[in-house]
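Chemist: Give the three-dimensional model of this entry:
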Amino acid sequence: MESLPDVILQYILSHINNARDVAACNFVSKRWKDSMAYIRTLYFPRNSFDNPSVGESPDNIVKRMVSTVVRLEELVVYSPFSPSGLASWLSLVGLSLTQLELRMDNLTDNQASHESPSKLDCIGAARNLESLKLWGVLMIHSPKWDVFQNLKTLEIIGARLEEPVLSVVLQSCPYLTRLLLLGCEGVRSISVDLPYLEQCKLDFYGLGNCSLMLTSPKIESLEVQGCSWIRVPETQHLRNLSISNSAGRVYMIDFGNLPALEFLSMRGVQWCWDAICKLLKLASEVKHLYMKVEFTGDYEALQPFPEIDFVDFFNSHPKLRKFDIHGAMFAALCQRNSLKHVDPGFFIPCLEEVVITVRSPLNAEQKMSPLESLLKYGKSLRTMVIKILQMKSSHSSADDFFDEICRLRYMNHEIVRIE
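Modeler: The predicted structure is shown next:
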């Protein structure tokens with residue numbers, strides 16, 4: 001290494017980012033220490049200061065290390081820090097930073113809500129950020145931020161929020177293309193109006209009764225968990241859509257046309273039937289459909305799915321290539337009436353893979369009907385996976401069910417697989 005030119009040594013050492021490794025390199029030689037000034041990233045893991053230097057606080061150690069870097073572009077701090085410490089670091093490198101990731105650790109710290117400036121306030125000094133990621137954030141007071149002109153990615157994981165504060169945060173980031181709010185609580189209603197947003201993932205804790213209004217004409221990927229009312233009027237570019245509600249029920253879905261949709265996932269304990277029908281109708285161009293909704297019903301009573309016509313369903317989704325069916329949806333397709341009178345010219349043109357999850361052994365003969373029809377009419381079908389999940393084998397009809405699916409697998413062993 002000592003024989004290498006300075007520029008090569010600097011390039012090699014610039015790929016070191018762990019704070020402990022950077023500190024160790026500084027003690028190798030003066031040449032190495034001078035070269036470490038050209039690193040672009042500094043990462044402080046959770047245990048960075050388990051054995052701190054005598055008489056020097058963690059805040060001062062971070063400040064000393066960032067002050068030696070010529071142009072720091074990325075700073076990741078998972079170790080504990082104070083608002084004053086963060087302010088001192090960003091006063092040195094705030095203008096050069098493009099990526100900042102902080103473990104805030106103030107979710108349960110009531111004192112933190114009265115600090116001035118707060119940790120959130122201090123982040124405003126890094127006004128050239130392109131990516132900001134925050135973990136464990138208490139957001140009950142609006143941060144004193146100007147508009148982040150270059151910020152494209154905002155990720156907040158684990159947060160207690162006040163709705164007006166979240167609105168202020170989003171208004172400070174008008175050019176976002178990627179937004180993640182995961183494990184957030186305290187929100188009942190959220191309105192997102194970001195004209196450049198392309199990817200959005202929202203996950204709200206609580207009773208599952210949040211409402212969402214999203215206005216982003218360029219949105220391509222949307223994942224929502226914990227909302228009962230969802231309105232997204234501009235969806236021309238939406239390719240991936242996932243809606244789930246594990247705690248409440250999905251009441252209302254209001255989307256624009258979905259001409260570009262390729263993947264749709266619908267999950268939850270209970271969806272209103274109108275919401276299911278509306279979304280399936282809009283998703284006529286979908287290529288991969290995942291359905292794990294256990295019940296329907298508009299009120300507290302949990303109801304099974306009504307019958308779904310097998311032929312109409314696949315005629316309405318001609319581009320479907322992969323179909324994951326769970327529980328109620330499979331039961332709805334098992335109704336015999338939809339397969340009594342099938343047009344001789346009917347076939348399923350694009351379906352290549354089907355994954356079916358079965359829990360109950362009841363009505364084995366009725367369950368076989370859609371499985372056999374998928375094999376008969378799916379001209380491109382290559383794989384059918386039948387997953388047996390939490391089925392009670394002691395039930396009197398279990399033997400009949402397994403006899404039937406084993407026969408089906410034997411007759412179609414190149415396609416059918418049982419798990």
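
Chemist: Residue 357 and residue 287, how far apart?
Modeler: Counting by CB to CB, to the nearest Å, the gap from residue 357 to residue 287 is 20 Å. The way it works is simple: take the backbone N, C-alpha and C, and place the C-beta from them, glycine included.

Chemist: what does residue 45 give?
Modeler: As judged by CB to CB, residue 45 and residue 287 stand 41 Å apart.

Chemist: So which of these two has more stuff around it?
Modeler: residue 287 (19 against 15; other CB atoms under 10 Å).

Chemist: which SS class is the nearest residue to residue 124 once chain neighbours are set aside?
Modeler: Spatially, and ignoring its direct neighbours in sequence, residue 124 is nearest to residue 145 (4.3 Å; CB to CB, 6 or more residues apart in numbering). The three-state label given to residue 145 by DSSP: H, G, I helix; E, B strand; the rest coil is coil.

Chemist: so who does residue 145 touch?
Modeler: Applying CB atoms under 8 Å, 6 or more residues apart in numbering to residue 145 gives the contacts 120-121, 123-124, 168-169, 172.

Chemist: Tell me, what's the model's pLDDT at it?
Modeler: Listed pLDDT for residue 145 reads 94.

Chemist: Residue 265 falls within a helix, correct?
Modeler: No - according to three-state DSSP, residue 265 belongs to no helix; its state is strand.

Chemist: could you measure it against residue 324, distance?
Modeler: Using CB to CB, we find residue 265 at a distance of 8 Å from residue 324.

Chemist: for residue 95, same thing?
Modeler: Residue 95 is 48 Å from residue 324, by CB to CB.

Chemist: Equivalent analysis for residue 363, please.
Modeler: Distance of residue 363 to residue 324, given as CB to CB: 21 Å.

Chemist: What ranges does the chain have for its helices?
Modeler: Using DSSP state H, the helices assigned to the chain run over residues 6-13, 19-26, 30-35, 58-67, 83-93, 119-123, 163-171, 273-282, 310-316, 328-333, 364-377, 398-411.

Chemist: how much does the second one deviate in direction from helix 6-13?
Modeler: Put simply, helix 19-26 runs at 150 degrees to helix 6-13, going by axes from the mean of the first three to the mean of the last three CA atoms, to 10 degrees.

Chemist: still on that earlier bit, of the contacts of residue 145, which pair is most distant in space?
Modeler: 123 and 168 (13.1 Å; CB to CB).

Chemist: mean confidence score for stretch 27-46?
Modeler: Mean pLDDT, stretch 27-46: 84.

Chemist: Other residues contacting that stretch?
Modeler: Applying CB under 8 Å, 6+ apart, the contact partners of stretch 27-46 are 2, 6, 9-10, 13-14, 16-20, 22, 25-26, 62, 65-66, 68-79, 103.

Chemist: What pLDDT does the model give the residue lying closest to residue 346 once chain neighbours are set aside?
Modeler: Nearest residue to residue 346, sequence neighbours excluded (CB to CB, 6+ apart): residue 311, at 5.7 Å. Residue 311 is assigned 89 on the pLDDT scale.

Chemist: Distance check, residue 311 against residue 287.
Modeler: Residue 311 is 20 Å from residue 287, by CB to CB.

Chemist: Could I get the contacting residues of residue 329?
Modeler: By CB under 8 Å, 6+ apart, the contact set of residue 329 is 291, 293, 305, 308.

Chemist: Now with 10 Å, please.
Modeler: Taking CB atoms under 10 Å, 6 or more residues apart in numbering as the criterion, residue 329 is in contact with 266, 276, 280, 289-294, 305, 308, 313, 323, 356-357.

Chemist: Who wins on neighbours among those residues?
Modeler: Among the contacts of residue 329, residue 323 has the most neighbours (other CB under 10 Å), with 26 neighbours.

Chemist: can I assume that residue is in contact with residue 265?
Modeler: No - applying CB atoms under 10 Å as the test, residue 323 and residue 265 come out as separate, 11.9 Å apart.

Chemist: between these two, what contacts are shared?
Modeler: Residues touching both residue 323 and residue 265 (CB under 10 Å, 6+ apart): 288-291.

Chemist: Now compare those and name the two farthest from each other.
Modeler: Spanning the widest gap among the shared contacts of residue 323 and residue 265 are 288 and 291, at 11.0 Å by CB to CB.

Chemist: what residues do the two have in common as contacts?
Modeler: 264-265, 323-324.

Chemist: so residue 285 makes contact with residue 321?
Modeler: No - between residue 285 and residue 321 there is no contact under CB under 10 Å: 11.5 Å.

Chemist: Now residue 204: closest residue in space, sequence neighbours ignored.
Modeler: Using CB to CB, 6+ apart and skipping the chain neighbours, the partner closest in space to residue 204 is residue 226 (3.6 Å).

Chemist: contacting residues for the one you found?
Modeler: Applying CB under 10 Å, 6+ apart to residue 226 gives the contacts 183-185, 187, 202-210, 212, 244-248, 268.

Chemist: Which strand runs longest in the chain?
Modeler: strand 240-250 (DSSP state E).

Chemist: send the alpha carbons of that one over as CSV?
Modeler: What follows is strand 240-250 as a C-alpha-only set of coordinates in CSV (Å, rounded to 0.1, in the frame of the first residue of the first chain):
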residue,chain,number,x,y,z
ASN,A,240,-47.9,-1.7,-8.5
LEU,A,241,-50.7,-1.4,-5.9
SER,A,242,-50.9,-3.1,-2.5
ILE,A,243,-53.7,-2.4,0.0
SER,A,244,-54.0,-4.2,3.3
ASN,A,245,-55.7,-3.6,6.6
SER,A,246,-54.9,-6.1,9.4
ALA,A,247,-56.7,-4.3,12.2
GLY,A,248,-59.8,-2.8,10.6
ARG,A,249,-61.8,-3.1,7.5
VAL,A,250,-61.5,-1.4,4.0
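
Chemist: Show me what counts as buried in it.
Modeler: In terms of neighbour count (16 or more other CB atoms under 10 Å), strand 240-250 has its buried residues at 240-245, 247-250.

Chemist: now those in TSV, with distance to residue 372 and pLDDT?
Modeler: Compiled in TSV, the buried residues of strand 240-250 are given as follows (distance: CB to CB, whole Å; pLDDT from 0 to 100):
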residue	distance to residue 372	pLDDT
240	32	98
241	31	98
242	31	98
243	31	97
244	31	96
245	34	94
247	38	88
248	37	87
249	34	91
250	32	94
